[in-house]
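S.K.: Pasting the sequence and the predicted coordinates here, then a few questions.
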Amino acid sequence: MRPPRFHSFHKTVYEVVSQVPCGRVTTYGAVAAILGSPRLAHAVGFALHALPPDTDVPWHRVINSRGRISFRGDDIRGMEQERRLLEEGIEFGPDGSVDLRRFGWMVGLGKER
DNA sequence: ATAATGACTGAAT
DNA sequence: AATTCAGCCATTA
């Protein structure tokens, strides 16, 4: 399942993302923070980008800190993610943003913006 | 080993 | 409020 060989970082990212419960979303920064470095946000994004189509990782539950889907330029993937989240019970705001305080998993970690 | 990229983030303009 | 700039770090070329 998982691609032939992935480096440890990707694996760690997948582990964390896989732990996101249904109906919840997390952010790249949160995942990176859990990994130990809040600056690895972009690296996390890279890991998910390398994610294969047959992965078991709920990559669709990972969004940016704004509670917004990032690659909405890539219509197909972006719309699919949005659709999946809606199906899981995630509610999008008027501008398509998700309330991370409500659906965010381990986001803010006790701190809010 | 060096350079470029990226599904990010926060601060600055 | 929206857009731009710069920083951070792992992966890929």
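M.R.: Thanks, I have the structure now.

S.K.: For chain A, give me the ranges with low pLDDT.
M.R.: Residues of chain A meeting the criterion pLDDT under 70: A:1-6, A:72-76, A:108-113.

S.K.: What parts of it come near DNA strand C?
M.R.: A:7-10, A:37, A:39-43, A:46-47, A:50 (C-beta under 7 Å from any atom of the strand). The way it works is simple: take the backbone N, C-alpha and C, and place the C-beta from them, glycine included.

S.K.: Only whichever of those residues are buried, select them in ChimeraX.
M.R.: Only the buried members of the residues of chain A next to DNA strand C enter the following ChimeraX selection, criterion being 16 or more other C-beta atoms under 10 Å:
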select /A:10,40,41,43,47
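
S.K.: Which ones among the residues of chain A next to DNA strand C map onto helices?
M.R.: Judged by DSSP state H, those include A:8-10, A:41-43, A:46-47 as members of helices.

S.K.: From A:R102, how far out is the residue nearest to the spatial centre of chain A?
M.R.: By C-alpha atoms, centre = their mean, chain A has its centre lying nearest to A:V62, at 1.0 Å. Using C-beta to C-beta, to the nearest Å, one gets 17 Å for the distance from A:V62 to A:R102.

S.K.: still on that earlier bit, which of the ones in helices among the residues of chain A next to DNA strand C are close to DNA strand B?
M.R.: Within those, those near DNA strand B by C-beta under 7 Å from any atom of the strand are A:41-43, A:46.
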